[in-house]
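Trainee: Provided below are the primary sequence and the corresponding predicted coordinates.
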Amino acid sequence: MKRILGIDYGDVRVGLAISDELGFTAQGLETLVINRSDKNFLNGIRKIVSEYKVEEVVIGYPKNMDGTPSEKTRKIDELIPKLEAMDLKVHKWDERLTTVSAYKTMRELNISQKNKNKVADKLAAVYILEGYLNSI
């Protein structure tokens, strides 16, 4: 079975999650630290695509709360053709409130402030991928 990669693209870090081979669950992967050229991001994605034999990507699509595109939405629109050039099918997923949900979960689990930044992006990617998996 194919695996699907979930991406929560941030300004500094990118949270990643991968589906199991049956497409039922999502597990968090490492968090990528990006630079202005997106070179680290794209190289990291290529590595994961190869390692896990990924065929599809679900990327968080950040809209404003009123549904209009945000500044980051344009950045995602620029990244999608680069992902498609890797022979990946790309799905956009409305990511509104995923980071808020991630921080709420971490609060409930009493995760220290020091560790929250390490976990938040990964957990948001898991929520994005789980939402997509539950919709198909």
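Mentor: Now that the structure is in, tell me what you want to look at.

Trainee: alpha carbons only for contacts and neighbour counts from here, please
Mentor: OK.

Trainee: what sits against residue 11?
Mentor: Counting by Cα atoms under 8 Å, 6 or more residues apart in numbering, residue 11 makes contact with residue 34.

Trainee: mind pulling up the pLDDT for it?
Mentor: With respect to pLDDT, residue 11 scores 82.

Trainee: just say helix, strand or coil for it.
Mentor: Recorded secondary structure, residue 11: coil (DSSP: H, G, I helix; E, B strand; the rest coil).

Trainee: distance check, residue 18 against residue 71.
Mentor: Separation of residue 18 from residue 71 (Cα to Cα, to the nearest Å) stands at 26 Å.

Trainee: wait, is residue 107 part of a strand?
Mentor: No - under three-state DSSP, residue 107 falls outside any strand and is assigned helix.

Trainee: any idea of the mean pLDDT in the host helix or strand of residue 104?
Mentor: Using DSSP states H and E, the secondary-structure element containing residue 104 is helix 98-108. Mean pLDDT, helix 98-108: 69.

Trainee: where do the helices sit along this structure?
Mentor: Secondary structure of the chain (DSSP state H): helices located at 39-52, 71-84, 98-108, 113-135.

Trainee: tell me the residue furthest from the middle of this structure?
Mentor: residue 110 (23.2 Å; Cα atoms, centre = their mean).

Trainee: residue 14 reaches residue 121, doesn't it?
Mentor: Yes - taking contacts as Cα atoms under 8 Å, residue 14 lies within contact range of residue 121: 6.3 Å.

Trainee: looking at those two, which is more packed in?
Mentor: residue 121 (28 against 21; other Cα atoms under 10 Å).

Trainee: now the more buried one: closest residue in space that isn't a chain neighbour?
Mentor: residue 15 (4.2 Å; Cα to Cα, 6 or more residues apart in numbering).

Trainee: what's the spacing between the one you found and residue 127?
Mentor: Residue 15 sits 10 Å away from residue 127, taking Cα to Cα as the criterion.

Trainee: between the helices of the chain, which gets the lowest average pLDDT?
Mentor: Of all these, the minimum mean pLDDT falls on helix 98-108 (a mean of 69).
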